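In: Okay, sequence plus prediction incoming.
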Amino acid sequence: MTQPLKIYNSLNRQKENFEAIAPPHVGLYVCGPTVYNYVHLGNVRTFLTFDTLFRYLTHMGYKVRYVRNITDVGHLVGDGDEGEDKIGRMAKLEQIEPMEIVQRYTNDFHDVLKQFNLLPPSIEPTATGHLIEQIEAVKDLIAKGLAYESNGSVYFDINQYNQNGNDYGKLSGRVLDELLIETRELEGTAEKRNPLDFAIWKNAAPEHLMQWDSPWGRGFPGWHLECTCMSTKYLGKKFDIHGGGMDLKFPHHECEIAQGTGLNGTAPVRYWMHSNMLTVNGQKMSKSLGNSFLPAELFAGSHPLLEQAYSPMSVRFFMLQSQYRSTLDFSNDALKGAQKAYKRLVNGLKSLKQMVYIPAEITHETDEAGLKVSTPGVEIDVKKVADIEKSVAAFYEAMNDDLNTAVAVAQVFNLLKYINMLYLNQLTPAALGEAGFGLLKEKFVLFFEQILGLQEEKSEGDAVLNGMLELYRTYKAAQAYDKVDEIRTYFKAQGLVIRDMKHRIDWAYEE
Ligand code: AMP
Ligand code: ZN
């Protein structure tokens, strides 16, 4: 590929050429879910963004080590240093082990992402699996004078960090004085030298469910520390890309930068990427606002906000229609449109896969001088071939422009135009030439399946459908039109149509 990939780096607030630290390897870390509840569609959007990045980098030839963690301890209600542990709270409510909560929602998370065809990461580490690393990191930060113990808790010392020449707040653009004004007097604030200092280890009250021994007494790690320890362990002190939702910029990612820089003397991440929020009527979709719905409700259409059921791939397509840095507002109309558009594409894919290149017939004649002249039956339509080549190049250009999937998808639709012409016999493969036809077929399948991660949602009984289609042909030949109509009705009931054309009879998804 000639053009470089450009990535919008949240740290510098500009698009930068992507240059891997140690090509062909790329280290990618994405903050995973806190597994205390079912994942909602907003969460899916963020993970889809990084699935697209993972797929595209891999397609570019990079060997990506993709680390996405599971937060199973330390994330407190309210996202700060006070309040109950989100998982511990659920465990108490249900009177079960915290690890039962963790297992249930980790399973759900995996199931959901699989339904949306998200690839699994290379490593999926858990916070509780890395307690030793976290305790070591706390000790190290204390030894470096960047953290202090207070009442069995350990806090990161922001004033000291900034006095060492660092800039806490750089990523999120926060000014410390303003942050101080915003900070409420909260439980634990009295233990801190500066109200902005954040916990890297918390003292646990006896009734706190998840707690471990440490040099500072029984306690548990602060939420931000796990990501620093796990990213350093698997990707090194400085790695290529760190991603997450926009809402994690502050305080979570800001604190990760402070911890990593404090521990290793280098900013931990080269490119910070943040995916924008999925909104409902302009408001962030979130559990606490009560405007979130679960993927299962979406597939069943069983939520008051939903007018009908939507399939996983139409939802994936809906999300890909916007670039990851723009907000995406949920609406039934937009989803219905996406469902229709996805079906048009998948019908194209289905028919394209059956198409083979047939060279044009060559006619042989003798001219006036008695010499043999060979004429191909079809001339290559150079304009169409050039347009296909242009669309292919434009797809890459869009992906290289900070993963602009909105524009990339439009190029796939331009390619679909030619597939439909071929399908309807308005164009023959020979008119595109072997290279032109080959390019169309190879790139359409590659873009659709590998890079955009879409796939055909196969009906369970493809073989049965093909058998029914055979019957349809037989009845039609016998002019048994009542039977023909019966079969059409059967297909329609499953959201399918029979396409009865002069040159072929086929079934397709109803668009
Ligand atoms: P959590 O489990 O709350 O830590 O969230 C998991 C991921 O989903 C984080 O990267 C969040 O930024 C992201 N997220 C949460 N709500 C939304 C939303 N409405 N739209 C997009 N991403 C979200
Ligand atoms: Zn994180």
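Out: Noted; the coordinates are in hand. Residues are numbered from 1 along each chain as shown. Ligands and ions are numbered 1, 2, ... in the order given.
In: Taking the stretch 101-250 of the chain, what residue is nearest to ligand 1?
Out: Gly245 (1.8 Å; CB to the nearest ligand atom). To be clear about C-beta, it is placed using only N, CA and C from the backbone, and glycine gets the same treatment.
In: so what's that residue up against?
Out: 31, 42-43, 46, 274-275, 277 (CB atoms under 8 Å, 6 or more residues apart in numbering).
In: And Lys476, by the same measure?
Out: Lys476 touches 484, 500, 505, counting by CB under 8 Å, 6+ apart.
In: And the closest residue to the second one other than its chain neighbours, how far from Glu470?
Out: Ranked by CB to CB, 6 or more residues apart in numbering and with sequence neighbours excluded, the top spatial neighbour of Asp500 is Lys476, at 7.8 Å. Lys476 sits at a distance of 11 Å from Glu470 (criterion: CB to CB, to the nearest Å).
In: Count the residues that sit near the closest residue to ligand 2 within the stretch 101-250 of the chain.
Out: At 3.3 Å from ligand 2, Cys227 is the closest residue in the stretch 101-250 of the chain, using CB to the ion. Cys227 has 28 neighbours, counted by other CB atoms under 10 Å.
In: That one against Thr34, yeah?
Out: No - Cys227 lies out of contact with Thr34 (CB atoms under 8 Å); the separation is 11.7 Å.
In: Pop out the phi and psi values for the closest residue to Asn203 other than its chain neighbours.
Out: Using CB to CB, 6+ apart and skipping the chain neighbours, the partner closest in space to Asn203 is Gly152 (3.1 Å). In terms of degrees, to the nearest 10, the main-chain angles of Gly152 are phi 80, psi 0.
In: which residues touch Gly152?
Out: Applying CB under 8 Å, 6+ apart, the residues contacting Gly152 are 203, 216-219.
In: and the residues you listed, which two are the farthest apart?
Out: Among these, the pair separated by the greatest distance (CB to CB) is Trp216 and Arg218, at 8.9 Å.
In: what do the two both touch?
Out: 152, 203.
In: Of those two, give the one with the bigger neighbour count.
Out: Trp216 (19 against 14).
In: Helix or strand: which one has the more buried one?
Out: Using DSSP states H and E, Trp216 maps to neither a helix nor a strand.
In: correct me, but Phe413 touches Leu345?
Out: Yes - using CB under 8 Å, Phe413 is in contact with Leu345, at 7.5 Å.
In: Between those two, tell me which one has more neighbours.
Out: Ranked by neighbour count (other CB under 10 Å), Phe413 and Leu345 place Leu345 first, with 25 against 13.
In: Assign a three-state SS to that one, would you?
Out: helix (DSSP: H, G, I helix; E, B strand; the rest coil).
In: In this structure it contacts Leu416, no?
Out: Yes - contact between Leu345 and Leu416 holds when scored by CB under 8 Å: they sit 6.1 Å apart.
In: picking that back up, the residue of the stretch 101-250 of the chain closest to ligand 1 bridge partners, please.
Out: Ser275 (DSSP bridges).
In: Would you quantify the distance from it to Thr49?
Out: Counting by CB to CB, the gap from Gly245 to Thr49 is 9 Å.
In: where exactly do the helices run in the stretch 351-500 of the chain?
Out: Applying DSSP state H, counting those that start in this stretch to the stretch 351-500 of the chain gives helices spanning 382-400, 405-423, 429-445, 462-477, 481-493.
In: okay, the angle between the third one and helix 405-423?
Out: The reference is to helix 429-445. 150 degrees (axes from the mean of the first three to the mean of the last three CA atoms, to 10 degrees).
In: quick revisit: local confidence estimate at the residue nearest to Asn203?
Out: Here the pLDDT value assigned to Gly152 is 95.
In: What about Pro312, how many residues nearby?
Out: 19.
In: how close does it get to Phe299?
Out: Taking CB to CB, one finds Pro312 at 7 Å from Phe299.
In: One more: Val39?
Out: 13 Å.
In: neighbour-wise, which of the two wins?
Out: Set side by side, Val39 and Phe299 show more neighbours around Val39, with 21 against 15, by other CB under 10 Å.
In: Near the residue lying closest to Leu471 once chain neighbours are set aside, how many other residues are there?
Out: Once flanking residues are discounted, Leu471 sits nearest to Ile487: 6.4 Å by CB to CB, 6+ apart. Per other CB under 10 Å, the neighbour tally for Ile487 reads 17.
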